[in-house]
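Engineer: No sequence on hand, only this structure:
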Ligand code: GLU
């Protein structure tokens, strides 16, 4: 019998980890809250919240994860996604580059000659990005942006009007950037509407839990894992995560990749989001910033999470996964069926030229390559090969294309490749389509 006051459930070591992280860095009081905008200077430096959201929507949190603050620059990659959806990648790239500037967020880094901002994470690029959001009027464009940010967070978000007013009335440098962009024709019209949208998007109120869900949405192919709502078209995720990787942490981006190794974005409000695609999202809030404008505790927390949970994106699991569960040929394995003497004799003679690979798990380059290698390097080459898909859970687009090319290679030699027990539904329908398209 357990003691009567024992909790009904096991203490999760993951929750304990998050609690311990919070305790470990709560005493760190380095850094200063941003004060270049009067409203931001009011932030309480003692606030500190950590949230981790999984790609199926479970949130682990510790500390002040419901304390509100403004999203600031963390809006930049999200609005970049909106612009990509509204105008298409080509149009967006014509106005805004994807080169890290290595400069501070408010640097005036425009490409020599064209005036194109180097990337969408510095203010110049973000203001140009906001100008690409489509909508008949200002209200519609604002609703489009706030709606997108809300879809990422999984709840309706609102604007802190006092911060917005403060941004607008003191944003002379951003206004100067707007006019430079207008001068170069990067902004087609009066910069004021784009600036206003930019100031408003920076003033959207979130908490650390929201940020973890924003990050988990990016980790989950663009679908918020808690609501199931799509926040951004899957085709633009690569572009968003790329600029977060190369330019997300102001002039600390290279150091960040080396130490943490996750696409991320910070904001001067004290928030940081970090994303490990396919696995989890992190949201941290602590408004005291270092000299580069990144949350001091936020950077420490992300470093610790990456190191202790083994999340650096360049240190993926060592074993890519094995696709071949079993391999045998017709001479080795016989079904229990009774055969005539002639049939058995035929099998004895030709059995070795029939090979069967039972596949399993996920097919992608690293798991499919050994199968292709075995089939193409076997001597004598099999006249008849069977790939048994019964235990295959998924095949990515590259694997589907390689399989279709494999079918053709067999065909050119007058040999046969048969896929057995292929499930219905994607991605295997795509496989059938690929194979058919090349076999007319
Ligand atoms: N409102 C800020 C600005 O443009 C956003 C800066 C940031 O978070 O980096 O001045």
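Structural biologist: Everything's here; your move. Bear in mind the structure is a predicted one, so any value in this text is a computation, not a measurement.
Engineer: tell me what the host helix or strand of residue 212 is packed against?
Structural biologist: Assigned by DSSP states H and E, residue 212 belongs to helix 208-219. Applying 3 or more C-beta pairs under 8 Å, 6 or more residues apart in numbering; DSSP states H and E, we find helix 208-219 packed against strand 49-54, strand 59-63, helix 138-153, helix 237-247, strand 271-276, strand 280-285. C-beta: built from backbone N, CA, C; applies to glycine.
Engineer: Ramachandran angles for the closest residue to the ligand within the stretch 301-440 of the chain?
Structural biologist: Nearest to the ligand in the stretch 301-440 of the chain, going by C-beta to the nearest ligand atom, is residue 302, at a distance of 16.7 Å. Residue 302 has phi and psi values of phi -70, psi -40 when expressed as degrees, to the nearest 10.
Engineer: what's the closest non-adjacent residue to residue 401?
Structural biologist: residue 434 (6.3 Å; C-beta to C-beta, 6 or more residues apart in numbering).
Engineer: Might you report the residue contacts of that neighbour?
Structural biologist: If a contact means C-beta atoms under 8 Å, 6 or more residues apart in numbering, then residue 434 has 400-401, 403-404 as its contacts.
Engineer: Let me see the ranges of the helices in the stretch 101-250 of the chain.
Structural biologist: With helices called from DSSP state H, counting those that start in this stretch, the stretch 101-250 of the chain shows them at 123-131, 138-153, 161-170, 172-183, 192-202, 208-219, 237-247.
Engineer: Figure out which of these is closest to the ligand.
Structural biologist: Taking C-beta to the nearest ligand atom, helix 192-202 is the member of the helices of the stretch 101-250 of the chain nearest to the ligand, at 3.9 Å.
Engineer: got a list of contacts for the closest one?
Structural biologist: For helix 192-202, contacts defined as C-beta under 8 Å, 6+ apart pick out 70-73, 75, 79, 123, 126-128, 130-131, 133, 138, 141-142, 145-146, 149, 159, 163-164, 167-168, 171, 174-175, 178, 187, 267.
Engineer: And stretch 244-254, by the same measure?
Structural biologist: 77, 98-105, 119-122, 255-257, 263-266, 275, 292-294, 299.
Engineer: where's the residue nearest to residue 401, which helix or strand?
Structural biologist: Assigned by DSSP H and E, residue 434 belongs to helix 428-437.
Engineer: Spatially nearest residue to residue 226 (excluding sequence neighbours)?
Structural biologist: residue 57 (4.0 Å).
Engineer: thinking again about what came up before, could you pick out which of the contacts of helix 192-202 are near the ligand?
Structural biologist: Subset of the contacts of helix 192-202 in contact with the ligand: 72-73, 123, 167, 174, 267, counting by C-beta under 6 Å from any ligand atom.
Engineer: lowest average confidence, helix or strand, in this structure?
Structural biologist: The weakest-scoring helix or strand in the chain, judged by mean pLDDT, DSSP states H and E, is helix 341-350 (a mean of 68).
Engineer: ok, then the element right after that helix?
Structural biologist: Downstream of helix 341-350 (by DSSP H and E), the next one is strand 354-363.
Engineer: Could you spell out the sheet neighbours of that next one, each with its direction?
Structural biologist: Its sheet considered, strand 354-363 pairs with strand 324-329 (antiparallel), strand 384-395 (parallel) by DSSP bridges.
Engineer: And whichever helix or strand comes after the longest one, what's buried?
Structural biologist: Read it as strand 384-395. Following strand 384-395 in sequence order, the next helix or strand is helix 397-412 (DSSP H and E). Of all the residues in helix 397-412, those buried under the rule 16 or more other C-beta atoms under 10 Å are 399-400, 402-404, 406-407, 410.
Engineer: What of stretch 374-381?
Structural biologist: residue 375.
Engineer: How far does it sit from its chain's centre?
Structural biologist: Offset of stretch 374-381 from its chain centre (C-alpha atoms, centre = their mean, to the nearest Å): 39 Å.
Engineer: Low-confidence stretches in this structure?
Structural biologist: 1-7, 316-322, 333-339, 343-352, 426, 437-440 (pLDDT under 70).
Engineer: Residues of it that sit close to the ligand?
Structural biologist: Contacts of the chain with the ligand, taken as C-beta under 6 Å from any ligand atom, map to 72-73, 105-106, 123, 167, 174, 202, 267-268, 293.
Engineer: which residues are in contact with stretch 26-44?
Structural biologist: Residues from elsewhere that reach stretch 26-44, judged by C-beta under 8 Å, 6+ apart: 45, 48, 63, 69-70, 160, 162-163, 165-167, 170-171, 268-270, 287-290, 293, 295-297, 300.
Engineer: my guess is residue 296 meets residue 302, correct?
Structural biologist: No: between residue 296 and residue 302 there is no contact, the gap being 11.4 Å when judged by C-beta atoms under 8 Å.
Engineer: which one of those two has more residues nearby?
Structural biologist: residue 302 (27 against 21; other C-beta atoms under 10 Å).
Engineer: who's in contact with residue 242?
Structural biologist: Shown in contact with residue 242 (C-beta under 8 Å, 6+ apart): 98, 263.
Engineer: swap that for residue 94, please
Structural biologist: If you count contacts by C-beta under 8 Å, 6+ apart, residue 94 has them with residue 116.
Engineer: Over to it: give its phi and psi.
Structural biologist: Main-chain torsions, residue 94, degrees, to the nearest 10: phi -70, psi -30.
Engineer: on that earlier part again, my read: the residue nearest to residue 226 touches residue 216, true?
Structural biologist: Yes: using C-beta under 8 Å, residue 57 is in contact with residue 216, at 7.1 Å.
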